[in-house]
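S.K.: This is a predicted model, with the sequence first.
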Amino acid sequence: MLRLLLIFTCMTHSGFTLYQFQENADLSNWYIVNDGVMGGLSNSELVISQEGHGLFKGHVSLENNGGFASLRYEPQYMDISGLSKFVLRIKGDKQPYQFRAKASWKDYHSYIYLFETTGEWETIEIPFDKMAASFRGRLLNMDNYQGDLLSELGFLIGNKKETDFELLIDKISIQ
């Protein structure tokens, strides 16, 4: 029943807010995956800022073949067919990040979109058809994201340099 309601909401309002951070936000569906899964030493965390935004912050280390930090969110598996883009309201630190999505939790690959941040609050629109299939940092010879199903999304920083980072996230919408 919930899935049908979500599809109806998407079609009638041409989009919806998937996640809005706020002071008492429930972060239980968010989790960190850093390069420690391969022996790296990067670290990161997600906290709520004093202003009520999600703050993904940490340090990317290149030691022990490391080099990335990521934040992932698992919404309830959903049908998003009929929609065409993600819309992010974020404030970065003038570094590039990847926005990532998975159609199914069974997929080994993610669909990625690289974006630059300006250091100011900005709205970034990410068309589904501009998100390329990738696995472990390599682009795959597959079609771009179809945007029909969504099981996971997230952010990744991995710029091949050692760096501290901070990304404020206000909300994530789908239109």
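M.R.: Looks like it arrived, so ask away.

S.K.: correct me, but residue 57 touches residue 47?
M.R.: Yes - between residue 57 and residue 47 there is a contact under CB atoms under 8 Å: 7.4 Å. In short, each C-beta sits where N, CA and C put it, glycine included.

S.K.: Out of the two, name the residue with the larger neighbour count.
M.R.: More neighbours surround residue 57 than the other of residue 57 and residue 47, with 18 against 11 (other CB atoms under 10 Å).

S.K.: So in the protein, which strand runs the longest?
M.R.: strand 163-174 (DSSP state E).

S.K.: For that strand, list every residue counted as buried.
M.R.: By 16 or more other CB atoms under 10 Å, the buried positions in strand 163-174 come out as 163, 165, 167, 168, 169, 170, 171, 172, 173, 174.

S.K.: Same check on stretch 47-56?
M.R.: In terms of neighbour count (16+ other CB under 10 Å), stretch 47-56 has its buried residues at 49, 53, 54, 55, 56.

S.K.: Now do the end-to-end distance for that stretch.
M.R.: Stretch 47-56 has an end-to-end distance of 7 Å (CA to CA, to the nearest Å).

S.K.: Between the two ends of stretch 153-167, how far is it?
M.R.: Stretch 153-167 has an end-to-end distance of 15 Å (CA to CA).
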